[in-house]
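**Student:** no sequence on hand, only this structure:
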């Protein structure tokens with residue numbers, strides 16, 4: 001009886017691995033590198049600065065039927081030309097919406113509805129300000145987001161110079177023309193699905209990665225942005241040493257892509273002495289004491305410098321990724337209302353999920369909040385005393401070496 005119980009236990013422990021082995025796509029973060037031996041240890045997680053670091057995903061195919069391009073076989077994608085990695089084609093007639101092919105022998109002249117399971121990709125490089133003429137055309141037009149290069153909402157009883165807050169990277173720029181006018185640069189670089197790897201879902205459940213209502217509170221039901229649209233480059237390896245076709249998608253992380261969003265009341269209690277603890281609403285949640293959130297001793301706040309530094313530097317940042325067949329959603333909704341976003345939500349939205357979840361956990365330092373201010377902070381008078389913003393008291397600090405946090 002004891003042996004049989006052990007056998008059942010061993011079999012049950014292997015079932016999740018077997019399920020993973022059946023996914024047609026593997027997806028992993030290869031940059032930043034993270035320790036697999038002690039995944040949750042703070043010291044074993046990589047530490048990044050607020051922007052400029054590389055986030056790179058490797059997407060590996062398993063047992064695909066082949067690759068299709070607009071030019072027909074035998075041909076594989078060059079830079080700027082889309083490729084379609086096919087895993088299933090039940091009716092034997094290729095009919096992806098973004099591919100115009102001459103009907104294959106035995107297929108109807110009128111294209112049937114798409115029934116393929118596939119990954120679409122375009123080897124390409126995108127960035128803010130670079131004109132983008134390649135990739136999935138329908139998605140590229142939607143990702144030109146110059147006027148709304150972030151989420152905009154009213155912070156409510158704002159005591160900042162502006163109560164309208166724009167959260168997230170601005171994703172387009174204008175350039176001057178010889179005749180004295182200007183025009184928008186079309187860059188295909190924004191919130192939502194990416195035009196060069198359209199099935200990638202990148203979830204950053206912090207700051208700009210969360211969808212807020214007009215007052216900066218989390219939407220109900222909980223909803224997150226697909227941040228894959230900030231992908232800078234997509235490349236591929238036709239056949240690796242492991243006999244696999246792999247796609248590499250990379251992001252050079254811009255400011256505010258990975259950061260908490262804070263609505264602060266810096267003056268709580270007496271409006272003259274501000275003798276209460278700072279109140280913070282972090283990422284659209286109910287306001288709490290900043291001292292509680294940062295683990296600092298409760299008491300009169302005399303310098304907000306340490307509070308903001310502690311919040312941004314001590315947050316555990318978690319990023320996850322999936323691949324789905326075809327075009328991924330621009331936003332993912334918490335369909336089962338459990339407060340988390342995952343595979344079940346994507347499936348409930350009607351998507352065919354091709355991979356397990358890839359997870360990246362990292363530390364990130366905001367650096368000196370006195371250098372350019374804290375752009376991720378809005379202000380609101382939570383306690384109703386008429387004052388919400390004191391401003392950061394910056395310590396005097398001459399220019400010198402900055403020791404790397406280790």
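**Tutor:** Cool, the structure landed. None of these values were measured; they are calculated from a predicted model.
**Student:** neighbours of the closest residue in space to residue 381 that isn't next to it in sequence, how many?
**Tutor:** In this structure, residue 381 finds its nearest non-sequential neighbour in residue 388, 4.3 Å apart by C-beta to C-beta, 6 or more residues apart in numbering. All C-beta spots, glycine's among them, are computed from the backbone N, C-alpha and C. Using other C-beta atoms under 10 Å, residue 388 has 25 other residues around it.
**Student:** cool, residue 245 as well?
**Tutor:** For residue 245, using other C-beta under 10 Å, the count is 20.
**Student:** please apply the same query to residue 318.
**Tutor:** Number of residues near residue 318 (other C-beta under 10 Å) recorded here: 14.
**Student:** now do residue 60
**Tutor:** 18.
**Student:** next: the one 5 residues further on.
**Tutor:** When counting by other C-beta under 10 Å, one arrives at 13 neighbours for residue 65.
**Student:** for the stretch 1-150 of the chain, which segments count as helices?
**Tutor:** For the stretch 1-150 of the chain, the helices defined by DSSP state H, counting those that start in this stretch occupy 2-21, 137-142.
**Student:** now the shortest one: mean pLDDT?
**Tutor:** Confidence over helix 137-142, taken as the mean pLDDT, stands at 57.
**Student:** and stretch 59-74, by the same measure?
**Tutor:** Across stretch 59-74, pLDDT averages out at 86.
**Student:** what's the span of that stretch, first residue to last?
**Tutor:** 23 Å (C-alpha to C-alpha, to the nearest Å).
**Student:** again, but for stretch 199-215
**Tutor:** Stretch 199-215: ends 31 Å apart by C-alpha to C-alpha.
**Student:** hmm, residue 193 and residue 327 touching each other?
**Tutor:** Yes. At 5.9 Å, residue 327 and residue 193 qualify as touching, with contact defined as C-beta atoms under 8 Å.
**Student:** and those two? which has more neighbours close in?
**Tutor:** A count of neighbours by other C-beta under 10 Å puts residue 193 above the other of residue 327 and residue 193, at 27 against 19.
**Student:** against residue 285, how distant is the more buried one?
**Tutor:** Distance from residue 193 to residue 285, counting by C-beta to C-beta, to the nearest Å: 27 Å.
**Student:** likewise residue 221?
**Tutor:** Applying C-beta to C-beta to residue 221 and residue 285 gives a distance of 15 Å.
**Student:** surely residue 270 and residue 385 touch.
**Tutor:** Yes. With contact defined as C-beta under 8 Å, residue 270 counts as touching residue 385 (7.3 Å).
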